[in-house]
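>>> Could you work out the structure for the sequence below:
(2 chains)
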Amino acid sequence: MALALTVGAVSGCSDEQQASQTLPSASTSPSSSAEALPPLGPPDFPVPDEARERTPEGALEFTRYYISLLEHIGNGDLNPQPLLDLSLDCSYCNQVASSLAEDRAAGYRYGDISVSFHPYGPGLLNGNEAEVGFVYSQSAFTVYDGNGQVIETQSASATGDLQSGALLAWQADLHVWRVTSMTIG
Amino acid sequence: MEMTAAGTWVASNAPPVPQPYTWRLVPPCDTWTNNDCPEDMDRACVAAPDRVVRFLTIQQRRLVLPDGTTADGFVVDPPLPPGTAVGNWLTFNNSCIDVTALNPAPSPDEVFRYFQRLPLPQLPTHQQPPGDALVGLPVIFFTDGPTTQTHSLDIRGFTVDIVATADSFTWHTGDGAHLTTTDPGAPYPAHTITHDYASGTYSASLTTTWSGTFTVDGSAAAAVPGTTTTEGPPVTFTVVEAHAVLTNPYD
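This next block holds a predicted model:
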């Protein structure tokens, strides 16, 4: 299930060697390069400052944020608009957003899910584009209808490790990356 | 196989060179969203009748090499087995590609080329009254040929069933008028298609426009992307003036 692959929590990456393992809290002071940046993402889950840097590390943190945004939406109201706002002509992102919207309209909710995100390393920059490679895995995934009944056809088993990647494009006016392509598995 | 400097081929049992990439072909507009696929991404390609050539996006994805690296130095950490696909699918090029050897299922455009060559009926024109007609009395036109046809084809091993349907009828009245209808007409008194003539001799005929749907190996039906026409044989008739003739009322 494509939808199941993209909803879930980003767990702590114990093997992560370089980038921060947690997202900064809302109280973190912005870096000098991120001063006065317009907030992006859901108000309760904004894009963190370190994910708004046009650097290899910034590309990595943005990809980490985007994956965790999927979890945030899946555990919340299933409104996929932030995913679309932070992507550009990303067919996979659009498929995920469409699935979320359909489930939301049907009154579904998602059970607990755990997702791991293990990046290969910092992003690979090429001009205003970046590529980030990572390993994604997801636990078994359960979908419930409005009456709390399990929808077997929508639920999925654990995926195991999936070699994955994301392509990003830098949007200078907003000082943020946007996902242009994603491969899961 | 290897080619020597002298230009000759040499066979050996050496293992093949590790492939740095895996490849796939996707329809270009599949990578665009919001129905904003540019027109130059949806184009027709020139192809010989026995070839299948399509405009496709070529994408590549890195494979881990035997030494644990990738062809372009993309970092893979932790190390993965050789041959593992890593990273994102990357667009290599958009081009017309001969995919005949891959034997893809017939595309709608390919089915349409066959549709255009189907032996569809050349529907005849019937007019009433039979024989000569009269000025002031409209001539009735209709056709009674089959307006639905089913053809089953073998296209490169795929069973393609086409249902052709007569969509419209263009009646060439022979006096410069062309009447287009969506029904085949009917004889008197259920007639629906008529034309008024001045006196003279006329040759009328019917052009039938056909549309269709098709299935591939029992798939869901899809519309054939286009129409074709057939020309029916002409009919010739004369329209005469009726004149009053005085007769002896007592005869």
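>>> Chain B: helices as residue ranges?
Secondary structure of chain B, counting by DSSP state H: helices at B:108-115.
>>> So what pairs up with the closest residue to residue B:221 other than its chain neighbours in the strands?
The shortest distance from residue B:221 to any non-neighbouring residue, by Cβ to Cβ, 6 or more residues apart in numbering or on different chains, is to residue B:213 (4.5 Å). Using the backbone N, CA and C atoms, a C-beta is placed for each residue, glycine as well. Here residue B:213 sits in beta bridges with residue B:163, residue B:223, going by DSSP bridges.
>>> and residue B:65, how far is that from chain A?
15 Å (Cβ to the nearest Cβ, to the nearest Å).
>>> Check for me that residue A:125 belongs to a strand.
Yes - according to DSSP: H, G, I helix; E, B strand; the rest coil, residue A:125 belongs to a strand.
>>> so whichever residue of chain A sits closest to chain B bridges to which residues?
Going by Cβ to the nearest Cβ, chain B is nearest to residue A:165 of chain A, at 3.2 Å. Note on residue A:165: beta-bridge partners residue A:133, residue A:183, judged by DSSP bridges.
>>> And the helix or strand harbouring residue A:116, what's buried?
Here residue A:116 sits within strand A:114-119, counting by DSSP states H and E. Buried residues in strand A:114-119, counting neighbours by 16 or more other Cβ atoms under 10 Å in any protein chain shown, are found at A:115-119.
>>> and of those, the nearest to residue B:225?
Nearest to residue B:225 out of the buried residues of strand A:114-119 is residue A:115 (Cβ to Cβ; 42.5 Å).
>>> State the distance from the closest one to residue A:68.
8 Å (Cβ to Cβ, to the nearest Å).
>>> who's in contact with residue B:167?
Applying Cβ atoms under 8 Å, 6 or more residues apart in numbering or on different chains, we find residue B:167 in contact with B:182, B:209-211, B:227.
>>> again, only using 7 Å
B:209-211, B:227 (Cβ atoms under 7 Å, 6 or more residues apart in numbering or on different chains).
>>> now the strands: where do they sit in chain A?
Here chain A has its strands, by DSSP state E, at A:9-10, A:109-110, A:114-119, A:124-126, A:129-138, A:143-144, A:162-171, A:176-184.
>>> Next one: residue A:163 from residue B:119, what distance?
On the measure of Cβ to Cβ, residue A:163 and residue B:119 end up 53 Å apart.
>>> and chain A, which residues reach chain B?
By Cβ under 7 Å from any Cβ of the partner chain, the residues of chain A that approach chain B are A:89, A:91, A:94, A:120-121, A:124, A:131, A:133, A:163, A:165-167, A:181-183.
>>> Give me the ChimeraX select line for the residues you listed, limited to the buried ones.
Buried residues among these (16+ other Cβ under 10 Å), as a ChimeraX selection:
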select /A:89,91,94,120,121,124,131,133,163,165,166,167,181,182,183
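>>> how deep is residue A:160 tucked in, by neighbour count?
Using other Cβ atoms under 10 Å in any protein chain shown, residue A:160 is surrounded by 10 other residues.
>>> May I have the predicted confidence score for residue A:56?
Listed pLDDT for residue A:56 reads 95.
>>> and it, how many neighbours?
By other Cβ under 10 Å, the burial measure for residue A:56, its neighbour count, is 18.
>>> Kindly report the same for residue B:43.
Using other Cβ under 10 Å: residue B:43 sits among 11 other residues.
>>> and what of the one 4 residues further on?
Residue B:47 is flanked by 17 other residues according to other Cβ under 10 Å.
>>> Distance-wise, check it relative to residue A:86.
41 Å.
>>> Can you name the residues in contact with stretch B:91-99?
B:25, B:28, B:41, B:45, B:51-60.
>>> Just give me the closest of the residues you listed to chain A.
So of the contacts of stretch B:91-99, ranked by how close each gets to chain A (Cβ to the nearest Cβ), first place is residue B:59, at 9.5 Å.
>>> Can you check which helix is longest in chain A?
helix A:56-74.
>>> of all of chain B, which residue lies closest to chain A?
Per Cβ to the nearest Cβ, residue B:88 is where chain B lies closest to chain A, at 3.2 Å.
>>> That residue contacts residue A:129, correct?
No - taking contacts as Cβ atoms under 7 Å, residue B:88 lies outside contact range of residue A:129: 10.9 Å.
>>> what sits in contact with each of these two?
What both residue B:88 and residue A:129 touch, as defined by Cβ under 7 Å, 6+ apart, is the set residue A:167.
>>> Quick check: residues of the stretch 51-200 of chain B near chain A?
Applying Cβ under 7 Å from any Cβ, we find that the stretch 51-200 of chain B lies next to chain A at B:74-77, B:84-89.
>>> Show the buried residues in those.
Buried by 16+ other Cβ under 10 Å: B:74, B:76, B:85-89, out of these.
>>> Identify the residue nearest the spatially most central residue of chain B in space, chain neighbours excluded?
In chain B, the residue lying closest to the centroid (Cα atoms, centre = their mean) is residue B:112, at 1.5 Å. Sequence neighbours aside, residue B:226 is the residue nearest to residue B:112 in space, at 4.8 Å (criterion: Cβ to Cβ, 6+ apart).
>>> Dump the contacts of residue B:167 into JSON lines; add distance to residue A:55, neighbour count and pLDDT as well.
As requested, the contacts of residue B:167 are exported to JSON lines (distance: Cβ to Cβ, whole Å; neighbours: other Cβ atoms under 10 Å in any protein chain shown; pLDDT from 0 to 100):
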{"residue": "B:209", "distance to residue A:55": "62", "neighbour count": "16", "pLDDT": "98"}
{"residue": "B:210", "distance to residue A:55": "61", "neighbour count": "23", "pLDDT": "98"}
{"residue": "B:211", "distance to residue A:55": "57", "neighbour count": "17", "pLDDT": "98"}
{"residue": "B:227", "distance to residue A:55": "57", "neighbour count": "16", "pLDDT": "97"}
